[in-house]
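> using only what follows, build the 3D model:
(chains A, B, C and D)
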2 protein chains.
Amino acid sequence: MKTLNNLLREKAIKPTYQRLKILEYVRKYIKKHPTVEMIYEELRYDIPTISMTTVYNTLKLFSEKGLVDGIFITGTEIRFDFNTEPHHHFLCRKCGRILDISIRCPFAEGKEIDEHQVQEVHGYFKGICKTCNKRL
Amino acid sequence: MKTLNNLLREKAIKPTYQRLKILEYVRKYIKKHPTVEMIYEELRYDIPTISMTTVYNTLKLFSEKGLVDGIFITGTEIRFDFNTEPHHHFLCRKCGRILDISIRCPFAEGKEIDEHQVQEVHGYFKGICKTCNKRL
DNA sequence: ATGACTGCAAAATATTTGCATATTC
DNA sequence: GAATATGCAAATATTTTGCAGTCAT
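Presented below is the predicted three-dimensional model:
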């Protein structure tokens, strides 16, 4: 696995302590698809002075550089995904978790649809996840 | 085409003047996928006393009753769609319009994906629409 | 008259911006 | 030391809520 420092270096992002910690968090909790809030609350233990602004700034920068993806599913807040490979998500209406799913859209980026030039493909599903289903 | 009154009656929604006008707007400007703001600003000519609250209340009610869909693509505001048949959207990065597209996801509602029970299927694409492409 | 609908004002939420201070190379 | 990053406070944008007044049956 690449070091955090290398990940930043590859994208020409200066590796400050805050940035390293934020990147570490999104990679470690890749399955959480965390919000700014989650990251901020966790990092406050390590870096008591950290601010929401820095978390926002940093994730915006990461997103622009293609180091993370911002996903808009809940309609309320941005969820961040360290996995930037095109893939789809499933939002569980019961537990609120966002899960990665295995199916792939047959319509890929770079193609055209109805003569429109496609740059990004987004797909997500809502329902009840298998864990919540078992509990019923 | 069904009357506005019938559309409301079928869903057991009391047909007030505001509700009729809001429904009329989203049906007439179905291709705009309008925001609350757009609807409010337009209806102010007809109903000077109308409030954002009523537009929000009404669209929330319509959405719960399945009369419209709320779509979350831009990340900033809810866009409303009178077409509640499952279909996909294209957001143009240049003109900001949301267009309906003809392709259909092969993964339908009611099915399972990775053992998760699917209730809603959402797909959208971002890029440059054909109109904006021609202008380049 | 009862219950539902409307709309004002205020609150809540999420995100962005301006700017002074601090940090990094 | 120059350039960049951080973080506080305030602003912005969107949506929701509480409540008092209004409308319709």
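> for the rest of this, base every contact and every neighbour count on C-alpha atoms.
OK.
> tell me which helix or strand comes right after the helix or strand A:F80 falls within.
Element membership of A:F80, judged by DSSP states H and E, is strand A:79-81. Downstream of strand A:79-81, the next assigned helix or strand under DSSP H and E is strand A:88-92.
> can you list the strands that that following strand pairs with?
Here strand A:88-92 is paired, per DSSP bridges, with strand A:98-101 (antiparallel), strand A:116-128 (parallel).
> return the residues of chain A in contact with chain B.
Those residues of chain A that sit near chain B, judged by CA under 8 Å from any CA of the partner chain, are A:72-73, A:75, A:78, A:101-103, A:105, A:113-130, A:133.
> ok, and of these, which contact DNA strand C?
Filtering these for proximity to DNA strand C by CA under 7 Å from any atom of the strand leaves A:I78.
> got a quick ChimeraX command for the buried subset of the residues of chain A next to chain B?
Burial among the residues of chain A next to chain B is assessed by 16 or more other CA atoms under 10 Å in any protein chain shown; the matching ChimeraX selection reads:
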select /A:72,73,75,78,105,113,116,117,118,119,120,121,122,123,124,125,126,127,128,129
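> chain center to the host helix or strand of A:E42: distance?
Remark: A:E42 resides in helix A:36-46, with elements defined by DSSP H and E. When C-alpha coordinates are averaged (CA atoms, centre = their mean, to the nearest Å), helix A:36-46 and its chain have centres 15 Å apart.
> buried set for that helix?
Quick answer for helix A:36-46 (16+ other CA under 10 Å): A:36, A:39-40, A:43.
> can you tell me if it touches DNA strand D.
No: if you take CA under 7 Å from any atom of the strand as the test, helix A:36-46 misses DNA strand D, and the best it gets is 9.3 Å.
> is DNA strand C contacted by that helix?
Yes: using CA under 7 Å from any atom of the strand, helix A:36-46 reaches DNA strand C at A:V36.
> and that helix, what does it pack onto?
Judged by 3 or more CA pairs under 8 Å, 6 or more residues apart in numbering or on different chains; DSSP states H and E, helix A:36-46 is in contact with helix A:17-28, helix A:52-64.
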